[in-house]
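Peer 1: kindly generate the corresponding structure for this input.
(chains A and B)
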Amino acid sequence: MSRDWIRFPLNLMVHPFEGYWDLKYDRNRQFTLIISFCVLFLVAVTNILGSQYSGFLVHVYNPETMNSFMEIVYVIVPVLFWCVANWSLTTLMDGEGKFVEIFTSTCFALLPLVIIQFPWIWLSNLVSLQETAFYYFSNSVAVLWFVYLLFIGNMTVHQFSPSKTIGIMMLTLVAMGFMAFISLLFFSLVQQIVAFISVIYQELVMRT
Amino acid sequence: MINSLRKLKTPLLILICCLLGVGAGTGNVSAESAADSYNYSYWGDAVAVPAAYVATEWISGSDLGTGPFQEPSDLHVAADNRVYVLDSGNNRIVVLDRDLKLVSTVDSFTREGKPDTFLQPQGIFVTDDGDVLVADTGNKRVVHLDADFQLVKIIDSPESELLQDSFKFEPVRVVMDHAQRIYVMAGGVFDGFMEFNAEGAFTTFIGANRVYIDPIEYFWKQISTKAQRSQMVMFTPTEFTNLDIDSEGFIYATNGDQWGNNIKKLNAQGSDILRRTGYSDPQGDILYISSEGPSKLIDIDVTDSEIYSVLDGKRGRVFTYNGDGHLMYVFGGLGNQLGQFHTPAAIDRIGEDFLVLDKALGEITVFRTTEYGRTLNEAVKSYYRGEEETAFALFNRTIAMNANLDFAYAGIGKALLRQGDYKDAMKHFKRSLDQKNYSKAFLLYRKEVMREHFPVIMTMLFLAGIGIFAAARLRKVKERRKGASA
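Peer 2: I've put the predicted structure just below:
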């Protein structure tokens, strides 16, 4: 069993149909959840290390604008947005997946991003400008693989047909946009309410 | 408690004095360098730099004993460092020597035995031989005089099928190259510069600017009626605002383009060959308030080593770039102090120093280099000449005075690369954020390291291969034994 912690996610990467089926029906919920959080954590770490230690030739970074906390936010917020948007849509459109399953399947799909990009943080320090093509190529491979896994995961979890899955994924992206818009609106309104209350408080304090 | 405080009193007092002293010291320093001297970093931020030029004096017509200048519009420094000031309002040329003392004033020349004068001339150019060309705008002609101000030829009313019959020739600025070709910037001409051959006959236009079409404006134009359209502005290319010519015959020009490149280097065909490899394209100010808009460049001056300076009429600043397009230094501004202008009109270099002509005040402001400016100028020039050793030393001195000058590190890096110190070269290219040269240095460095450690690396690889093979073998044997025993 202990070997399974590593073997299962790696196996899922190369045999996604089988792996996601296992994830949904055969595996222990706790087991998959722990792996999901680990993967999410690793993606955040890869992101931070990548922005800090990638080679100068592939990544010119301004130390003044580097913020590790924001790098974590850039990973977690999109994943959460995706899961919430996907769940909201699929519950309305006869998807069979539960929120936990959507979350775990999404996190498992992120694994290629870690497996491929993590070594490149160091390898990118050892390449010349001409050889950076390999870096960009493997990055694209990682992203394509991620999208492919996400697609299979979604299809298996919700038991959709391929074309319906593609449609749902597109709609999910649109829904994410809406969510981002509404959150911005919400925060800006809250900000204004806070400002308004603080002004009233000041008025009252000044009066006495 | 109080006792211990009392014991500490003297050291505390000393400490406070020291802190105050430090504060006072830094206050003074920042006050000295508070002049608006800045440069742009790789990230497009303005960073403080030491002043490269400081204004030392200003010269007016009355100081020279010629009477005040009236709306002088152009000045030119000849090869022998004589300064020719075009005093447009008084229709005369004032010639100064290199110490800015009066040599002569010229207000007329002889034409077919009769004296002739200028009328509101706008532009002046002096060739290396001392020939003087004047864009005599009011008289709609270009006057070519020799070094003794004797008439050589007059160019007026050019004829060509490229020109409309109603064309009015209003020369504003003029330059001449070594082949005696004359390039004229004329008012109301959108097709570029007018080129005249050595005989003074019009040959062609060169270097027209591109037309920029404002999408919103275009949309309105599409839905307007013909009558409305005739009332709207036409899409015309921007006019040039000034030009200068370098010793190789390339024309450097500025224009009022807001969206395109407002500095151009034109070759004989009229195509733009300015190198723009700096952190941002040469254009004057990068950061500006949107209500003020970008720089409006009104004069350009090119010296040796491809260094050129442009004058921003909107904010009165002079920007100097090297041949690669890196901003070297900025000085000037609008205001009432020495070193600031009211209506700057023209710049030129006299040796290392700068002259800026103010049209409204009728004054010339003289800027002289500081230690920093001299070092930087000399560093860029020796680098251009290929004297890597000198450039290395000078760039090192420059960054000792201004660690914010990012492109200087690349200069040092290139010298180090030539010397074979790849690792240090890499470090310097990284500081100047120069990926291309960094890659070059890195390749050489990698080769060097690989060559040095080749035996070790190969041995390690070989051993690792044997190790893996042996482990695999061992496992197989073990499994077989297990299978046999079971």
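Peer 1: tell me the contacts of the closest residue to B:Ile307 other than its chain neighbours?
Peer 2: Closest residue to B:Ile307 apart from its sequence neighbours, by C-beta to C-beta, 6 or more residues apart in numbering or on different chains: B:Asn322 at 5.5 Å. Glycine gets a C-beta too; all of them are placed from N, C-alpha and C. Neighbouring residues of B:Asn322 by C-beta atoms under 8 Å, 6 or more residues apart in numbering or on different chains: B:Ser305, B:Glu306, B:Ile307, B:Met328, B:Val380, B:Tyr384, B:Phe407.
Peer 1: and the next helix or strand past the one helix or strand the fifth one maps to?
Peer 2: Same thing as B:Val380. Assigned by DSSP states H and E, B:Val380 belongs to helix B:371-385. Counting by DSSP H and E, the next helix or strand C-terminal to helix B:371-385 is helix B:388-401.
Peer 1: quick one: contacts of that following helix?
Peer 2: Helix B:388-401 has contacts (C-beta under 8 Å, 6+ apart) with B:50, B:371-372, B:375-376, B:378-379, B:382-383, B:405, B:408-409, B:411-412, B:414-416, B:418.
Peer 1: 7 Å instead?
Peer 2: Helix B:388-401 is contacted by residues B:50, B:372, B:375-376, B:378-379, B:382-383, B:405, B:408-409, B:411-412, B:414-415, B:418 when judged by C-beta atoms under 7 Å, 6 or more residues apart in numbering or on different chains.
Peer 1: and B:Val366, that's in a strand?
Peer 2: Yes: using DSSP: H, G, I helix; E, B strand; the rest coil, the assignment for B:Val366 is a strand.
Peer 1: where does chain A dip in pLDDT?
Peer 2: A:1 (pLDDT under 70).
Peer 1: flag every residue of it that's near chain B.
Peer 2: A:Phe56, A:Leu57, A:Val60, A:Asn62, A:Ser128, A:Leu129 (C-beta under 7 Å from any C-beta of the partner chain).
Peer 1: okay, and which of those map to strands?
Peer 2: Using DSSP state E to define strands, no part of these is located there.
Peer 1: who's B:Thr117 bridged to?
Peer 2: B:Ser108 (DSSP bridges).
Peer 1: ok so, going back, who wins for most neighbours among the residues of chain A next to chain B?
Peer 2: A:Leu57 (21 neighbours; other C-beta atoms under 10 Å in any protein chain shown).
Peer 1: that one is in contact with A:Leu126, isn't it?
Peer 2: No: contact criterion C-beta atoms under 7 Å: A:Leu57 and A:Leu126 do not qualify, at 10.1 Å.
Peer 1: returning to what we had before: distance between the helix holding B:Val380 and the chain's centre?
Peer 2: Distance of helix B:371-385 from the chain centroid (C-alpha atoms, centre = their mean, to the nearest Å) equals 14 Å.
Peer 1: give the other helices and strands that that helix contacts.
Peer 2: If you count contacts as 3 or more C-beta pairs under 7 Å, 6 or more residues apart in numbering or on different chains; DSSP states H and E, helix B:371-385 packs onto strand B:327-332, helix B:388-401.
Peer 1: apply 8 Å and report the result again.
Peer 2: strand B:327-332, helix B:388-401, helix B:406-419 (3 or more C-beta pairs under 8 Å, 6 or more residues apart in numbering or on different chains; DSSP states H and E).
Peer 1: what about stretch B:205-221, distance to the chain center?
Peer 2: The answer for stretch B:205-221 is 26 Å, by C-alpha atoms, centre = their mean.
Peer 1: the residue in the stretch 251-400 of chain B positioned nearest to chain A: neighbouring residues, count only.
Peer 2: Per C-beta to the nearest C-beta, B:Tyr279 is where the stretch 251-400 of chain B lies closest to chain A, at 11.1 Å. Neighbour count of B:Tyr279, defined by other C-beta under 10 Å: 19.
Peer 1: give me the residue at the spatial middle of chain A.
Peer 2: Centroid-nearest residue in chain A, with C-alpha atoms, centre = their mean: A:Val79, separated by 3.5 Å.
Peer 1: measure the closest residue in space to it that isn't next to it in sequence to B:Asp324 for me?
Peer 2: Excluding its sequence neighbours, the residue lying closest to A:Val79 (C-beta to C-beta, 6+ apart) is A:Thr106, at 6.0 Å. The gap separating A:Thr106 from B:Asp324 is 48 Å, by C-beta to C-beta, to the nearest Å.
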